[in-house]
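Q: need a structure here:
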Amino acid sequence: MATLVDVQPFDPSAPELFPDPYPAFAEIRENDPFHWSKFGYWVVSRYDHVREVLMNRKDFGTGDFVANLKLFYGADYDVMANSGYRWLSEAFIMLDPPQHTRVRGLVTKSLTAKRVRGLQDRIGEICQELTDSFIADGHADLITQFCYKLPVMVICELMGIDYRHPAMGQLVAAIPEAFVVMEARMLTSEEQAIANRRIDELETFFNAQFEDSLVNPRDDLLTALAETSRTPDGLSIHEATTVAIALFGAGFETTANIIGNGLYRLHRHPDQWARLVADPAGLAASTNEEALRYESSLVATYRTALNDTEISGHPVSAGQRVLTLVGAANRDSRKFPDPDTFDVGREGAADHMSFGGGIHFCVGAELARIEGRAAFEHLARTLPNMKVDWGSAAFRESFLFRGLTRLDATW
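A: Residues are numbered from 1 along each chain as shown. Coordinates of the predicted model:
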């Protein structure tokens, strides 16, 4: 298909994407919807195209992990010499069937809806505990004092990890430094070394947790995962450790970004904050979905063509990679009317693609939704008059995962 107009080659490492990727997303979505990247992959950005790729389990998957990374590093690069990449290659989010089917099935049997929904009351209590800890100060950095602490405490509760464990600070700090291996670019040697060290630390911690869970079983997610090792075709302790790192990291990093990004947008659009304050219970759920749509914590994700196929009639050859711009799809006017307007009462906002799709749909989506709803409702009730200094807010320098490093508020 011919390019409609000339557009700049899309580069996910371009620094101008970090503070605001949406102008570039709009340009490529409207003018070059099937864009061939100079890095050797297709870029799709319209809602229907992104959804078609993510939902098509027959023709698109994660593909050859090593070959995909060599697109960035070159043919001689030893991918598996790095423990960070070795861990990622084994994580179920990077597997295709039948390996993915087996591991995800065991995870979902352990991470049951009953187990997740049973946390709802506790999530409300944690919200209250957190605001009680700083409300008298009259100010807070909402990112570090609320947005991160809430999902960390919740995922610890779910997994059966003591939030006060002396290693907790290091574990939380390790996640963003380890998860840099998910970025679609060549890492610096320093980034690789740090990621490898952090994955080694996380594996040591969770391996010990699983060994303890087998000796001292409890009613928690880690025990449920560990006990699958005693069943035919269950998870080995190594596999359970790999799963646990992914669940632990995604369980707080993604949710922290959803809440933080939502608060940022609510206060950049004070009329929408006022609407939420006027009806916290009625609008908390739709606020959460609109935050996910408008300022997605997942900006993009990759797939590989498993067969010669097509996307809406556009040919894609087997082995070619496709970058799906989730953030661009979520602001496509073909799907969402007036898409650049932040509207906490928007109908259909939950049709966003921020949790992915198909067999790789986010396994923790329900928990993230519960936490987001609880957070927005609680803050609107507890701090209705707070003012957020959105002008000094800064997004981290990451393309795939979008979130703030700081968000100061006063009341």
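
Q: doesn't Leu187 make contact with Ser13?
A: No. Using Cβ atoms under 8 Å, Ser13 is not in contact with Leu187, being 10.7 Å away. Just so you know, the C-beta spots here come from the backbone N, C-alpha and C atoms, and that holds for glycine as well.

Q: Low-confidence stretches in this structure?
A: The model of the chain has pLDDT under 70 over residues 1-7.

Q: residue nearest the centroid of it?
A: Thr254 (4.1 Å; Cα atoms, centre = their mean).

Q: Look up phi and psi at that one.
A: With angles defined as degrees, to the nearest 10, Thr254 shows backbone torsions of phi -70, psi -50.

Q: The one 5 residues further on too?
A: The phi and psi torsions at Ile259 (degrees, to the nearest 10) take the values phi -70, psi -50.

Q: got the contact list for it?
A: Phe146, Cys147, Leu150, Pro151, Ala291, Glu371, Gly372, Ala375, Phe376 (Cβ atoms under 8 Å, 6 or more residues apart in numbering).

Q: separation between the first one and Leu404?
A: Right, Phe146. In this structure, Phe146 and Leu404 are 12 Å apart, going by Cβ to Cβ, to the nearest Å.

Q: Name the residue in the two with the higher neighbour count.
A: Between Phe146 and Leu404, Phe146 has the larger neighbour count (other Cβ atoms under 10 Å), namely 26 against 22.

Q: which residue packs closest to that one, ignoring adjacent ones?
A: Ranked by Cβ to Cβ, 6 or more residues apart in numbering and with sequence neighbours excluded, the top spatial neighbour of Phe146 is Leu130, at 5.3 Å.

Q: I'd like the next helix or strand past the helix or strand hosting that neighbour.
A: Secondary structure from DSSP states H and E places Leu130 in helix 120-134. Proceeding N to C from helix 120-134, the next assigned helix or strand is strand 139-141, under DSSP H and E.

Q: What is that following strand packed up against?
A: Counting contacts by 3 or more Cβ pairs under 8 Å, 6 or more residues apart in numbering; DSSP states H and E, strand 139-141 is packed against strand 408-410.

Q: In helices only, show me the contacts of Ile259.
A: With helices defined by DSSP state H, the entries of the contacts of Ile259 inside them are Leu150, Pro151, Ala291, Glu371, Gly372, Ala375, Phe376.

Q: Which single one of those residues is nearest to Asp64?
A: Of all these, Pro151 has the smallest distance to Asp64: 32.8 Å, by Cβ to Cβ.

Q: quick one: the closest one from Arg218, how far?
A: For Pro151, the distance to Arg218 - Cβ to Cβ - is 21 Å.

Q: So for these two, which sits in the more crowded spot?
A: Neighbours were counted for Pro151 and for Arg218 using other Cβ under 10 Å; Pro151 has more, 27 against 11.

Q: quick one on the thing from earlier: ranking the contacts of Ile259 by neighbours, who comes first?
A: The most neighbours of any of the contacts of Ile259, using other Cβ under 10 Å, belong to Ala375, which has 30 neighbours.

Q: quick one: contacts for that residue?
A: If a contact means Cβ under 8 Å, 6+ apart, then Ala375 has Cys127, Phe146, Cys147, Leu150, Ile259 as its contacts.

Q: okay, the helix holding Leu130 in CSV with CA atoms only?
A: Taking C-alpha atoms only, helix 120-134 is exported to CSV below (Å, rounded to 0.1, in the frame of the first residue of the first chain):
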residue,chain,number,x,y,z
GLN,A,120,-11.7,-5.7,47.3
ASP,A,121,-12.3,-4.7,51.0
ARG,A,122,-8.6,-4.9,51.8
ILE,A,123,-7.8,-2.6,48.8
GLY,A,124,-10.2,0.0,50.3
GLU,A,125,-8.5,-0.3,53.7
ILE,A,126,-5.0,0.1,52.1
CYS,A,127,-6.2,3.3,50.3
GLN,A,128,-7.3,4.7,53.7
GLU,A,129,-4.1,3.7,55.4
LEU,A,130,-2.0,5.4,52.8
THR,A,131,-3.9,8.7,52.8
ASP,A,132,-4.0,8.7,56.6
SER,A,133,-0.2,8.5,56.6
PHE,A,134,0.2,11.9,54.8
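
Q: Quick check: buried residues in it?
A: By neighbour count on 16 or more other Cβ atoms under 10 Å, the buried set for helix 120-134 is Ile123, Ile126, Cys127, Leu130, Thr131, Phe134.
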